[in-house]
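J.: what follows is a predicted structure for the sequence shown.
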Amino acid sequence: MNADDVRRRAFAMPLTSPAFPPGPYRFIDREYLIINYRTDPVLLRQVLPEPLQFVEPIVRFEFINMPDTTGFGSYCESGQVIPVSLNGVAGSYAHSMYLNNHPPIAGGRELWGFPKKWGNPELRVQKDTLVGTLDYGDIRIATGTMGFKHTLLDGEAIKESLGAPSFLLKIIPHVDGTARICELVQYCLSDITIKGAWGGPAALELYQHALAPVAQLPVLEVISAVHIVTDLTLPLGTVAYDYL
């Protein structure tokens, strides 16, 4: 294999058997439980990287089933997203993500900078309740519940919110351990089809863990919750800010 062959094939690691295929990536029947909660503004400011800013100390805790995803297969994901703005553009910042499938962990981190770690999330219907749980190893770190399909929500408003810009902090180290890439990445979900959106009463509990610190942003008040079923596409991103 000569140098031209390496350059031509160099999309992802390992070279001869990449962990994930090229994008974009289409998600069919993606199902969300999103619980919006108020947290401590001082603690939120400590984890939000400049130049991102927040208006209110709000966090979205998400549990997401992804049963049919281009190249990634089927998996579940959970984590925290913070509503933010960058240079007056409203969007959201992915603070933490835990999921149970290696290809989207590798692809998400290497391509966009999604803050993905291995975890054991689950989203299921238990009688009259939509239940989301997140375990790190065999330790429970989050439990979210919502009344199942209590109120029908406006699909167009949900579509608009899903299509808003999202920001990620991508860090790729140099061989000496210093940061070779350190930048904010921006992307927008596209080709969104809302198949259903519902609201209902909700509750959220977060538990302390040294290596999965979701409780670092404590729940002071649950504000609202939404249950969404949708098809959408995750395109590639752009660099919004370069720290180096």
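T.: Nice, I can see it. Quick caveat: nothing in here was measured; it's all calculated off a predicted structure. Residues are numbered from 1 along each chain as shown.
J.: so which elements touch the lowest-mean-pLDDT helix or strand in the chain?
T.: In the chain, no helix or strand scores lower on mean pLDDT, DSSP states H and E than helix 3-9, which sits at a mean of 93. Packing partners of helix 3-9 (3 or more C-beta pairs under 8 Å, 6 or more residues apart in numbering; DSSP states H and E): none among the helices and strands. For the C-beta atoms, the positions are set from N, CA and C on the backbone; glycine is no exception.
J.: quick check: next helix or strand after it?
T.: Remark: after helix 3-9, the chain's next helix or strand is strand 25-38, criterion DSSP states H and E.
J.: list the buried ones in the helix or strand just after that following strand?
T.: Remark: after strand 25-38, the chain's next helix or strand is helix 41-47, criterion DSSP H and E. Buried positions in helix 41-47, judged by neighbour count with 16 or more other C-beta atoms under 10 Å: residue 44.
J.: equivalent analysis for stretch 176-186, please.
T.: 182-186.
J.: show the residue spans covered by the helices in this structure.
T.: 3-9, 41-47, 102-107, 155-162 (DSSP state H).
J.: of these, which is nearest residue 208?
T.: Among the helices of the chain, the nearest to residue 208 by C-beta to C-beta is helix 41-47 (13.3 Å).
J.: with adjacent residues omitted, what lies nearest to residue 125?
T.: Closest residue to residue 125 apart from its sequence neighbours, by C-beta to C-beta, 6 or more residues apart in numbering: residue 148 at 6.0 Å.
J.: relative to residue 96, how far out is residue 61?
T.: Distance from residue 61 to residue 96, counting by C-beta to C-beta, to the nearest Å: 10 Å.
J.: my error: substitute residue 237 in the last question.
T.: Residue 237 is 19 Å from residue 96, by C-beta to C-beta.
J.: more neighbours: which of these two?
T.: Using other C-beta atoms under 10 Å as the criterion, residue 237 and residue 96 rank with residue 96 on top: 23 against 20.
J.: any idea what the more buried one is bridged to?
T.: Note on residue 96: beta-bridge partners by DSSP bridges are residue 80.
J.: oh, and call the first residue 14 from now on, that's how I've got it
T.: Sure, I'll start numbering at 14, so the last one becomes residue 109.
J.: correct me if wrong: it contacts residue 92.
T.: Yes. Assessed by C-beta atoms under 8 Å, residue 109 is found in contact with residue 92 at 4.5 Å.
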